[in-house]
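S.K.: sequence and predicted structure, then a few things I'm wondering about:
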Amino acid sequence: MMKKSKSNLTFTTGGLIAFFFFAFLIAGCDKDACSGDACENGGICVDGTCDCPTGFTGQFCEDSILPTGRQVRTWINLDGQGNPITVGISIPEEMLINLPPLGQLTSIKLPTGASTTLFDHVFLGWVSSGHGPFWIIPHFDIHFMMVSETERESVTSGTEGGSPLADPYIPQDYVTHGSKEPRMGVHWWDRTSPEIIGGEFTATMIYGSYQGQITFIEPMISLAYLRSKPSVTFNIKQPAKYQKTGFWPTTYSIKFDVVLKEFAVTIEGFNRRTAG
C-alpha cells in the first residue's frame, strides 16, 4: 500500500503474520466479584474490582476497546527524490498486554521502496527473560538487516577468527566478545551505554557484523521502557569509514502514537555516505 503525504511518499507493509500470540485468560471462578485470577486480559483485581489494562473494559476486562487482530508492520518514508527519510516498525499497543512467556523471533520484509535504502528486512525478537551480558530483563531486539533473509539464515554460531571487523568501520566506543549468534552474527555494543557502566537499561543501539561486514543495526529496548510510552530520539554513533555507499541513519527514535495506539521504532537522519 502506498500513501502520499505532501511531497513525500510513505510505503507500508500490509498483511503480515501477527508477531504475538495472545492467550486471553478465561477465569474459572465465581465472577460475581473479582478475586484471584477472575480478571481477564491482564487485569488486576483491586478491592473486588478489576483494574483493566489499556484496551480493555467491562466488569472483568472482558471487552476489547481496541481493534483486534492488528499486526506488526514495517514502513518507510521517502522524500520527493526517492531518498529515505524514515525506516520504521510499528507495534500495536495491545500486543504488549499478554506477551508470550518464551522468546520469539520473526522476520518482516520492508515494503516497496526499500530498495532505495541499505536495508532489506526487520528481524524482530521478543526476549522474555533477557540475555547477557548486560540486558537481563525482558526486551525487544529490533534488527534492521542489511542483508537478505537467505543470507541472514545462513549465519551460524561460533567465533570469527581474527578481528570480526576492521577498525575504520567500528563506531567509537563499540566493543564485542566476538561470538556469533545464529541467524544474526557478531554483536557490537557501546561500552559507554548506561547499562554497561552500572546504570539502568532502557534503550541502546547495537551494531552487527558477519564475516567482516556490517550486516545490521539494532535498537534494543526494554519492555518496561517501551510501556512507559517515551517520545525520544537518540544519536547513532558513526564509524570513521563506511563499507557500503548509500544512505546511513544517524538517529533512532522511539515514540507512541496516541491516535493509532501503537509504538513506532524508527531509524532516521539519513546521510549519503561513500564507501571507503
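M.R.: The structure has been received and is ready for your questions.

S.K.: using the three-state scheme, assign residue 88.
M.R.: Secondary structure, DSSP: H, G, I helix; E, B strand; the rest coil: residue 88 is strand.

S.K.: please apply the same query to residue 115.
M.R.: Residue 115 ends up helix, using three-state DSSP.

S.K.: near it, how many other residues are there?
M.R.: 10 (other CB atoms under 10 Å). Quick note: C-beta positions are derived from backbone N, CA and C, even for glycine.

S.K.: so what pLDDT did it get?
M.R.: Residue 115 carries a pLDDT value of 83.

S.K.: same deal with residue 176?
M.R.: According to the prediction, residue 176 has pLDDT 92.

S.K.: excluding chain neighbours, give the residue nearest to it in space.
M.R.: residue 188 (4.6 Å; CB to CB, 6 or more residues apart in numbering).

S.K.: contact partners for the one you found?
M.R.: Counting by CB atoms under 8 Å, 6 or more residues apart in numbering, residue 188 touches 165, 170, 171, 174, 175, 176, 206, 207, 208, 209.

S.K.: give the bridge partners for it, please.
M.R.: Beta-bridge pairing for residue 188 (DSSP bridges): residue 207.

S.K.: how close does it get to residue 108?
M.R.: 23 Å (CB to CB, to the nearest Å).

S.K.: picking up where we left off before, so which of the contacts of residue 188 is the closest to residue 198?
M.R.: Proximity of these to residue 198 (CB to CB) peaks at residue 175, which lies at 16.3 Å.

S.K.: burial count for the residue nearest to residue 205 when sequence neighbours are not counted?
M.R.: Closest residue to residue 205 apart from its sequence neighbours, by CB to CB, 6+ apart: residue 236 at 5.5 Å. Neighbourhood size, residue 236 [other CB under 10 Å]: 18.

S.K.: ok, residue 246 next?
M.R.: 18.

S.K.: and if you look at residue 92?
M.R.: 23.

S.K.: poorly predicted segments of the stretch 151-276 of the chain, please.
M.R.: Where the stretch 151-276 of the chain drops to pLDDT under 70, the residues are 161-163.

S.K.: what about the strands in it?
M.R.: 158-159, 174-175, 179-181, 185-190, 203-210, 213-222, 232-235, 246-248, 251-257, 262-268, 271-273 (DSSP state E, counting those that start in this stretch).

S.K.: nearest to residue 92, out of the ones you listed?
M.R.: Closest among the strands of the stretch 151-276 of the chain, using CB to CB: strand 262-268, at 4.8 Å.

S.K.: show me the contact partners of the closest one.
M.R.: 70, 85-93, 96, 142, 144, 217, 219, 221, 226, 229, 233, 236, 249-257.

S.K.: now stretch 126-143
M.R.: Here stretch 126-143 makes contact (CB under 8 Å, 6+ apart) with 19-20, 89, 99-105, 122-125, 177, 184, 189, 193, 195-196, 201, 204, 206, 208, 216-224, 226, 265.

S.K.: buried ones among those?
M.R.: 19-20, 89, 99, 122-125, 184, 189, 193, 195-196, 201, 204, 206, 208, 216-223, 226, 265 (16 or more other CB atoms under 10 Å).

S.K.: how far away is the nearest residue to residue 217 once chain neighbours are set aside from residue 74?
M.R.: Once flanking residues are discounted, residue 217 sits nearest to residue 144: 5.3 Å by CB to CB, 6+ apart. Distance of residue 144 to residue 74, computed by CB to CB: 9 Å.

S.K.: spit out the residues that contact those two alike.
M.R.: Joint contacts of residue 144 and residue 74 (CB under 8 Å, 6+ apart) are 87, 122.

S.K.: which one's more surrounded, the two?
M.R.: More crowded of residue 144 and residue 74, by other CB under 10 Å: residue 144, with 26 against 22.

S.K.: beta partners of that one?
M.R.: Assessed by DSSP bridges, residue 144 has beta-bridge partners residue 122, residue 217.

S.K.: ok, back up a step: from the contacts of residue 188, which is closest to residue 112?
M.R.: residue 208 (24.9 Å).

S.K.: residues in contact with the closest residue to the closest one other than its chain neighbours?
M.R.: In space, and not counting its chain neighbours, residue 208 is closest to residue 216: 4.0 Å by CB to CB, 6+ apart. Counting by CB under 8 Å, 6+ apart, residue 216 touches 123, 143, 144, 145, 146, 147, 184, 185, 207, 208.

S.K.: nice, that's everything, thank you.
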